[in-house]
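In: just to be clear, the model below is a prediction. Sequence and coordinates:
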Amino acid sequence: MEAPQRITRLCESWWEKLANSTKAEQNRYAEEFLSLLGWADPVSLAPKEAWAELAGAAYLLRGGSTSVIAYFVMPGVLDPPASIGERGLDHCQATRTLTNAAGTLHIEYAFITDLQRSYLYDVPADELILHADTPTDLSEQFGDGLSKPGIERGSLMEIRRKPRSYVARELREWRHRWCGTLAIQSQQSEAAAALVVDRLIVLRYLFIHNVLKRSGRRAERRFNELIDHAFSPSPRGCGKALASLFHDTWLDWRPALFAPAPEVNQIIELDVLAAPMLREFALLSDGKFNIATVLESFNYGEPAEKARVRIIPDANEERETYLAKQTVETVDAVRLEVDIMDEGYRAVLHWLDKLSALYDRLEIEYESASYRARAIPDDIDLFAWSELDASRPRAFADKLQHLFERSFVVYYASPRQYRTARLLLYLHLITRFSRTKQRLAEFPPIEKALRPRPKVLDADRKEIFRGRPEDENWEVT
């Protein structure tokens, strides 16, 4: 009998004898299953507190540099993979717990099965890469990848992952489903419901990147405890706890996205909405929460708006020249405008980085010049030092504050453009802090950079009047 058929028959045999089975019997079936995959002597793992109630047996499989933990759970523990896929989720409650436990052991892959329903996760990426709803699917889809020869040759790394567009569509459908549910059942606006979802995305992104100064870890623990409470048999009060977390996030780090909003509180304080939303939110993979995927999740609707999601920023010689000409003396007056309607969303982040790099470069020049000026005289001239300090550009006192308040302008033409750009700016700012290993003490006023698009932009006026300086009374109608 071929190995896939033998695996299928073994799984069916386990289910046939389920009523009279014992834990020892389950272990025997698990080891026989692994032996059919070439694992003659798998390493049995002692039950850990985090997963002892879920998995009756667990084994460590090592092939080359690849490590896999194989969990064998009792029937009724796993949700059907097809059902979680329909909701755009990546986990059920059991697989979330088991993959988290695998992460603490620094294991790369987690295979979770009840010998009918099966899941395979890339643990560091928190990504579902294979699943099966039946023993036949299990033997056909998992057999070669989980076999000892397969793992030794790196078969798990060769498994094709979901394309970003597919993952983004899952995130979009989850967002839309919950925005609609929150708005209808709470009888509040769709904008308020969307704000709830955006806040959750920013919080998740913050905790993934761990950039918050002061009490960031404490806030993350509160969020995890809130998720645990939402999964409890009686999640009473989790809505008010979520509202409290949002409020404290506003007080501690001043993100305007979390500013007090009565409509939002009226939605999330309803446990009947907050609890199931938090449960599902916890069952989304971390891989869904990166900037590229979040941006791609807005790729829907009218063709022009879909194009704005994917437009790659064009070279702009005029802007590049303008930025190159700036000096320490002119930096306070720098102003850069980006029009979402014409340039798309990626241009917002592209030119934000360009402007931020200009600030950094000029600050280095200023500090270098100041150091040389102070190092030359032997006599300490306090008046000269005072004059030097007074000449320090305001932009360098708090670069991000100045950038979003005075230098960077993003024009939006619709509420959707405003929401998308705002969310991307928050995520991008968090990413920048993560890359530079800095800590975020307080969010800058991101929303101040977002402004409604005027009928005629300054850039349009320059183009219209170019070559006509002599006709001062010419007007556009």
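Out: That came in fine, so what should we check first?
In: which stretches of the stretch 201-350 of the chain form helices?
Out: Assigned by DSSP state H, counting those that start in this stretch, the helices in the stretch 201-350 of the chain fall at 216-231, 238-253, 262-268, 271-282, 291-296, 303-310, 317-324, 340-343, 346-375.
In: kindly report the domain assignment for this structure.
Out: Following automatic domain parsing, one finds the domains of the chain at 3-158, 164-292, 311-413+445-465.
In: I'd like those domains laid out as TSV, including mean neighbour count.
Out: Yep, even glycine has a C-beta here, placed from its N, CA and C like the rest. Listed next are the domains of the chain as TSV, based on neighbours: other Cβ atoms under 10 Å:
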stretch	mean neighbour count
domain 3-158	18
domain 164-292	18
domain 311-413+445-465	15
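In: next one: residue 209 from residue 442, what distance?
Out: Here residue 209 is placed at a distance of 16 Å from residue 442 (Cβ to Cβ, to the nearest Å).
In: let me fix that: residue 214
Out: Applying Cβ to Cβ to residue 214 and residue 442 gives a distance of 10 Å.
In: need the domains of the chain in JSON lines with mean pLDDT and distance to residue 424, can you?
Out: Output for the domains of the chain, formatted as JSON lines (pLDDT from 0 to 100; distance: least, Cβ to Cβ, whole Å):
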{"stretch": "domain 3-158", "mean pLDDT": "88", "distance to residue 424": "21"}
{"stretch": "domain 164-292", "mean pLDDT": "95", "distance to residue 424": "7"}
{"stretch": "domain 311-413+445-465", "mean pLDDT": "85", "distance to residue 424": "6"}
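In: nearest to residue 433, out of the ones you listed?
Out: If you check each of the domains of the chain against residue 433 by Cβ to Cβ, domain 164-292 wins as the nearest, at 4.2 Å.
In: got the end-to-end distance for that closest one?
Out: Its start and end residues considered, domain 164-292 measures 8 Å (Cα to Cα, to the nearest Å).
In: likewise for stretch 254-272?
Out: End-to-end span of stretch 254-272 (Cα to Cα): 29 Å.
In: what's the spacing between it and its chain's center?
Out: 20 Å (Cα atoms, centre = their mean, to the nearest Å).
In: who's in contact with that stretch?
Out: Stretch 254-272 has contacts (Cβ atoms under 8 Å, 6 or more residues apart in numbering) with 182, 185-186, 188-189, 192-193, 195-196, 198-199, 202, 235-240, 242-243, 246-247, 249-250, 273-274, 422, 426, 442-443, 445-447.
In: packing partners of the helix or strand hosting residue 102?
Out: In this assignment (DSSP states H and E), residue 102 forms part of helix 93-104. If you count contacts as 3 or more Cβ pairs under 8 Å, 6 or more residues apart in numbering; DSSP states H and E, helix 93-104 packs onto strand 66-73, strand 109-113, strand 118-122.
In: circling back: between the helices of the stretch 201-350 of the chain, which one is closest to residue 25.
Out: helix 216-231 (29.8 Å).
In: now the closest one against helix 271-282, angle please.
Out: Helix 216-231 runs at 120 degrees relative to helix 271-282, counting by axes from the mean of the first three to the mean of the last three Cα atoms, to 10 degrees.
In: what about the strands in the stretch 1-150 of the chain?
Out: 43-44, 55-63, 66-73, 109-113, 118-122, 127-132 (DSSP state E, counting those that start in this stretch).
In: how far out from the middle of the chain is the fourth one?
Out: Mean C-alpha position of strand 109-113 versus that of the full chain (Cα atoms, centre = their mean) differs by 23 Å.
In: and it, what other elements does it pack with?
Out: For strand 109-113, the packing partners by 3+ Cβ pairs under 8 Å, 6+ apart are strand 66-73, helix 93-104, strand 118-122, helix 135-146.
In: nearest to residue 343, out of these?
Out: strand 118-122 (35.4 Å).
In: strands paired with that closest one, and their directions?
Out: strand 109-113 (antiparallel), strand 127-132 (antiparallel) (DSSP bridges).
In: quick one: closest of the ones you listed to residue 101.
Out: strand 109-113 (8.4 Å).
In: can you pull the contacts of residue 191?
Out: By Cβ under 8 Å, 6+ apart, the neighbours of residue 191 are residue 415.
In: rewinding a little: tabulate the strands of the stretch 1-150 of the chain (TSV), appending distance to residue 87.
Out: Shown next, in TSV, are the strands of the stretch 1-150 of the chain (distance: least, Cβ to Cβ, whole Å):
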stretch	distance to residue 87
strand 43-44	34
strand 55-63	24
strand 66-73	21
strand 109-113	18
strand 118-122	15
strand 127-132	13
